[in-house]
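> Have a look; sequence and predicted model below, questions after that.
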Amino acid sequence: MNVLSIQSEVVYGHVGNSAARFALQRLGHEAWCVPTIILSSHPGHKGFAGEATSAALLGKLVDALGVQGRFAEADGVISGYLGSPEQAEIVAATVRAVKSANPAASYCLDSVFGDDGRIYARPGVAEAMAQNLLPLADIVTPNAFELSTLAGLPVRDASEGLTAAQALHRPIVVATSVPHEGRIGTLVVAGDEAWLASTPKIENAPRGPGDLFAALFFGQTLNGRTPAQAMELAARATYHVLAPSAGAPEMRLVAEQDALVLPPRPADFRLEKLETRRLAVG
């Protein structure tokens, strides 16, 4: 499968495309990575440098892929962190062009704009994602804060996460970092089914697990897994990478790469099916 991945790029470390590319490749997919911003490292490292890709350059890069006939060859598009609100319009146009060339292609929106109660993306990015990208998404992978922001509803536990996920009205919503009985939950809602996986919290985890999880989930769906299966495998793999990475400046992605394909089941891993309810209309 061929995946067009439009998100951040770093020279050092494993966030954005620098995490997604490797994960997709280990799952057997070709990853065509377009940078929305290029940095020396993520901003958590001292002395980082870089800048956002201009809207003009981003447009040229994706347009060239279209001229080369790549859109018809793409099986999926995933987008993550955006360097400016204007980039959302380019991503939206690209998604529409890919789906026009290949109606079977799917789009995963990894709505990377905030966490821990704050928006860290540039002003207007979150709104641009909600307006331009969310309506096109077959899959949305927000964290709990992003889900709450997109839905305009609180997400303080799995029950509220389920309600907020259903309120987005997308085919598949996968929410990470959902609080659940003192643990961290990952919630997938697809049609009339909802599943919750939970693990113990990992203190001092490095950046990038959301980017990694989204790529793993999308890659597993492209490999024919059901949403519940893809969520479980992606959650187990991400946890296996994060556990030995606690306190480290970056995820031990390369060292733990075998878990991306065949993730072991953590000893304290829980998976449960949730009861869904139809939302009121009007």
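Sure thing, it's come through.
> Can you pull the phi/psi pair for Ala52?
phi -70, psi 150 (degrees, to the nearest 10).
> That one against Ile37, yeah?
Yes. Counting by Cβ atoms under 8 Å, Ala52 does reach Ile37; the two are 4.5 Å apart. Any C-beta I mention is one placed from the backbone N, CA and C, and that applies to glycine too.
> Now the common contact residues for the two.
Taking Cβ atoms under 8 Å, 6 or more residues apart in numbering as the contact rule, Ala52 and Ile37 both touch Gly83.
> Now do stretch 3-14: distance to the chain's middle.
12 Å (Cα atoms, centre = their mean, to the nearest Å).
> whoops, stretch 60-80 was the one
In this view, stretch 60-80 has its centroid 19 Å away from the chain centroid, taken as Cα atoms, centre = their mean.
> So what touches that stretch?
Against stretch 60-80 from outside (Cβ under 8 Å, 6+ apart): 1-8, 16-17, 20, 29, 32, 34, 36, 53, 90-91, 94-95, 97-98, 100-102, 104-110, 112, 133, 211, 214-215, 218, 222.
> Is Glu30 bridged to anything, and to what?
Asn2 (DSSP bridges).
> From Arg70, how far off is it?
Counting by Cβ to Cβ, to the nearest Å, the separation of Glu30 from Arg70 is 10 Å.
> tell me, what's touching the two both at once?
Listed as contacting both Glu30 and Arg70 by Cβ under 8 Å, 6+ apart are Asn2.
> pLDDT weak spots in this protein?
Scanning the chain for pLDDT under 70 picks out 278-282.
> Can you identify each of the strands in it by residue range?
Taking DSSP state E, the strands of the chain run over residues 2-10, 30-39, 50-52, 76-79, 106-109, 114-115, 118-119, 139-140, 172-180, 183-190, 193-199, 270-274.
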